[in-house]
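# Sequence isn't available, so here's the structure alone:
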């Protein structure tokens, strides 16, 4: 894993989240700091109190591949409708949970794309595929999309992510590992579910685009489940490689969008990186945005969410500056960092 020359633009977004059934509503709620946390129909076995998390209120709620398709299909439709191309000419790369995660639907790999096609009413591009890897999946998919676009094999690519932790087997595994926030544990996450998608094109395709100028994929050996000394070397290397591609330092980055979920491990990781790399004087501090605070842990959907939020911030004029860095990490050790830039930032409406 290494640095990859991305140079692709985000020109459209789609979202289905606990905060809203489309990108406009979800992003407005994120900007306002609206939290979707609520009591869930599962109990903490120690205290007997309901677990807290987030969920999308679909007309009929259940868990499985069909529910994930219900989450993702409207997000893809938003992206398709944001351009004039035939949807069947746009490949869709879908980040999903890793294959060994407890509670993963057994038919996910075979049935998710057909289920989405059934809901959309048309076939997807033949190159459409799933990319299993939790948070890391859409980052790897972005690298694939960049290669296709730069070779001009296609005009647009959708990178999406869909995930849900609201499954008894998944929650039991997280509870056994003491990774859920409960009455007796504050070092944990709030389980959630979401689908997010971004439409990618070559830069210069839209006036309100943001451009991914640097992308680095690395590996952390000291994972959250490891006993090894943790020094955040994987994410630090990802930052360095992504910043080198853009010929800037972390001190020139205006804000950071991250997958921080409430677990101390990821906060320590971000702190290590900032301590090593953010060493030059700043006119103002670098803001740290973490939408999982409001959405709950959405895992495979987090990177498209971060990119959508960065684009919305530039469109609506509340971005702290032109340059941002997005970072994420999967439990299995994969890390990704992306440097994005908005060449046009709207004047904020007050």
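Great, that's in hand. Model, not experiment: these values are computed from the prediction. Residues are numbered from 1 along each chain as shown.
# what separates stretch 72-80 from the chain centre, distance-wise?
16 Å (Cα atoms, centre = their mean, to the nearest Å).
# Actually, stretch 217-226.
Using Cα atoms, centre = their mean, the offset of stretch 217-226 from its chain centre is 18 Å.
# Likewise for stretch 28-47?
For stretch 28-47, the distance from its own C-alpha centre to the chain's C-alpha centre is 18 Å (Cα atoms, centre = their mean).
# for it, which positions count as buried?
Neighbour-count burial for stretch 28-47, counted by 16 or more other Cβ atoms under 10 Å, picks out 29, 30, 36, 37, 40, 42, 44. C-beta here means a position set from N, CA and C on the backbone, and glycine is covered the same way.
# Mind checking which of those land in helices?
29, 30 (DSSP state H).
# which of the buried residues of stretch 28-47 lies closest to residue 72?
Comparing these against residue 72 with Cβ to Cβ places residue 36 closest, at 18.0 Å.
# Enumerate every residue touching the closest residue to the closest one other than its chain neighbours.
Closest residue to residue 36 apart from its sequence neighbours, by Cβ to Cβ, 6 or more residues apart in numbering: residue 18 at 3.6 Å. Counting by Cβ atoms under 8 Å, 6 or more residues apart in numbering, residue 18 makes contact with 36, 54, 55, 56, 57, 192, 193, 194, 295, 296.
# The third one reaches residue 193, doesn't it?
What it means is residue 55. Yes - Residue 55 is in contact with residue 193 according to Cβ atoms under 8 Å; the separation is 5.9 Å.
# Looking at these two, which has the bigger crowd around it?
Using other Cβ atoms under 10 Å, the more surrounded residue of residue 55 and residue 193 is residue 193, with 29 against 19.
# ok, back up a step: buried ones among the contacts of residue 18?
36, 54, 55, 56, 192, 193, 194, 295, 296.
# Identify, from the buried residues of stretch 28-47, the entry nearest to residue 287.
residue 30 (13.8 Å).
# What is the burial count for the residue nearest to that closest one when sequence neighbours are not counted?
Excluding the flanking residues, the one nearest residue 30 by Cβ to Cβ, 6+ apart is residue 291, at 5.3 Å. For residue 291, the neighbour count with other Cβ under 10 Å is 26.
# returning to what we had before: common neighbours of residue 55 and residue 193, please.
Overlap of the contact sets of residue 55 and residue 193 (by Cβ under 8 Å, 6+ apart) consists of 18, 166.
# Could I get the full set of helices for this structure?
With DSSP H as the criterion, the chain has helices spanning 23-32, 65-81, 108-120, 136-150, 168-176, 233-246, 264-277, 292-295, 302-316.
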